[in-house]
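Student: here is my input, please return the structure:
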Amino acid sequence: MKKGTLKQILLITDGCSNKGEDPAATAAIAYQQGITVNVIGILDDDQTEEPEGLHEVEDIALSGGGVSQLVYKQSLSQTVQMVTKQAMTQTLQGFVNQELKQILGPKQSMEDLDPEKRGEIMEVVEDLGETCDLEVLVLVDTSASMHDKLPTVKEALIDLSISLNARIGRNRFCIYSFPGKRKDIQKVFDWSPKLDAISSIFPKLTSGGITPTGPAIREAMYQFGKKSLLRSLRDEDEPNVEEAGY
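Tutor: Residues are numbered from 1 along each chain as shown. Alright, predicted model coming up:
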């Protein structure tokens, strides 16, 4: 089976969008382009009921083929790792199911196989999860209500980078915040194999303004294509530049 690259948008927010297009519809477009959209909704520590705005969290992830989770601030780090890895497995299982349908016929799926065969296929999924390349674009809501949560988000993303570094496959991360100063999103951290350098960047993030989640997802989706285009242009000039950082 050919090794590919899993592409994920990880949206971290604490409320509902209030400007622009429907974020669930935009997430569906991203999913059609092969990008999974995962969403983590951060609850305030004193919240006992699920706020209405966070219903959107599940809708976006469902449309984006991803995983969603509501979480209190203190559990954010663990949840970011769990959601990223769970979404990888979910995407790979879907891919393997498609392959099986081509081999066994359209009515067959992994669930129809006997336990032994299913176990063998899950081993393949786990192996792919370790060896495939992973690109995660983290999209952080920096609207006014997120101000006190940003330090926790920073720590959670550093932990995510460390936990994924044990994989054999190559990881690439970048971080965008929304709303941007002049655009829907703003680049915080460009594509890189590790996130340890974000400690110096996060304190400079300013929070405030509206929450244009739909337009932000759309802009985030375009960053994957730009990266591939830039890399291919650069590789034509310097054939070994891609390996240089590894």
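
Student: what number of residues are in the vicinity of residue 19?
Tutor: 14 (other C-beta atoms under 10 Å). In short, each C-beta sits where N, CA and C put it, glycine included.

Student: now it, nearest residue through space, not along the chain?
Tutor: Once flanking residues are discounted, residue 19 sits nearest to residue 212: 4.2 Å by C-beta to C-beta, 6 or more residues apart in numbering.

Student: correct me, but that neighbour touches residue 179?
Tutor: Yes. Residue 212 is in contact with residue 179 according to C-beta atoms under 8 Å; the separation is 5.6 Å.

Student: mutual contacts of the two, please.
Tutor: Common neighbours of residue 212 and residue 179 are not found (criterion: C-beta atoms under 8 Å, 6 or more residues apart in numbering).

Student: count the residues that sit near residue 33.
Tutor: Neighbour count for residue 33, taken as other C-beta under 10 Å: 11.

Student: check residue 113 too.
Tutor: Residues near residue 113, counting by other C-beta under 10 Å: 15.

Student: which residues touch it?
Tutor: The contact partners of residue 113, by C-beta under 8 Å, 6+ apart, come to 100, 121.

Student: measure it to residue 88 for me?
Tutor: Separation of residue 113 from residue 88 (C-beta to C-beta, to the nearest Å): 21 Å.

Student: just residue 19 next, same as before
Tutor: With C-beta to C-beta as the criterion, residue 19 and residue 88 are 31 Å apart.

Student: before we move on, what about residue 131?
Tutor: From residue 131 to residue 88 the distance is 11 Å (C-beta to C-beta).

Student: now stretch 55-67: buried residues?
Tutor: Using 16 or more other C-beta atoms under 10 Å as the test for burial, stretch 55-67 gives 56, 57, 58, 59, 60, 61, 62, 63, 64, 65, 66, 67.

Student: oops, could you answer that again for stretch 136-144 instead?
Tutor: For stretch 136-144, a neighbour-count test (16+ other C-beta under 10 Å) marks 136, 137, 138, 139, 140, 141, 142, 143 as buried.

Student: point out the least confident one among those residues.
Tutor: In terms of pLDDT, the weakest of the buried residues of stretch 136-144 is residue 143, which scores 84.

Student: quick one, phi psi at it?
Tutor: Main-chain dihedrals, residue 143, degrees, to the nearest 10: phi -70, psi 170.

Student: surely residue 180 is in contact with residue 206?
Tutor: No. Using C-beta under 8 Å as the test, residue 180 is too far from residue 206 to be in contact (10.6 Å).

Student: tell me the phi and psi of the residue of the chain most remote from its centre?
Tutor: No residue in the chain sits farther from the centre than residue 114, which is 32.6 Å out by C-alpha atoms, centre = their mean. When quoted as degrees, to the nearest 10, the phi and psi of residue 114 stand at phi -70, psi 160.

Student: re earlier: residue 131 and residue 88: who's more crowded?
Tutor: Using other C-beta under 10 Å, the more surrounded residue of residue 131 and residue 88 is residue 88, with 25 against 12.

Student: can you tell me the closest non-neighbouring residue to the more buried one?
Tutor: residue 129 (5.2 Å).

Student: so what secondary structure elements neighbour whatever helix or strand that neighbour lives in?
Tutor: Using DSSP states H and E, residue 129 sits in helix 115-131. On a contact count with 3 or more C-beta pairs under 8 Å, 6 or more residues apart in numbering; DSSP states H and E, helix 115-131 meets helix 76-104.
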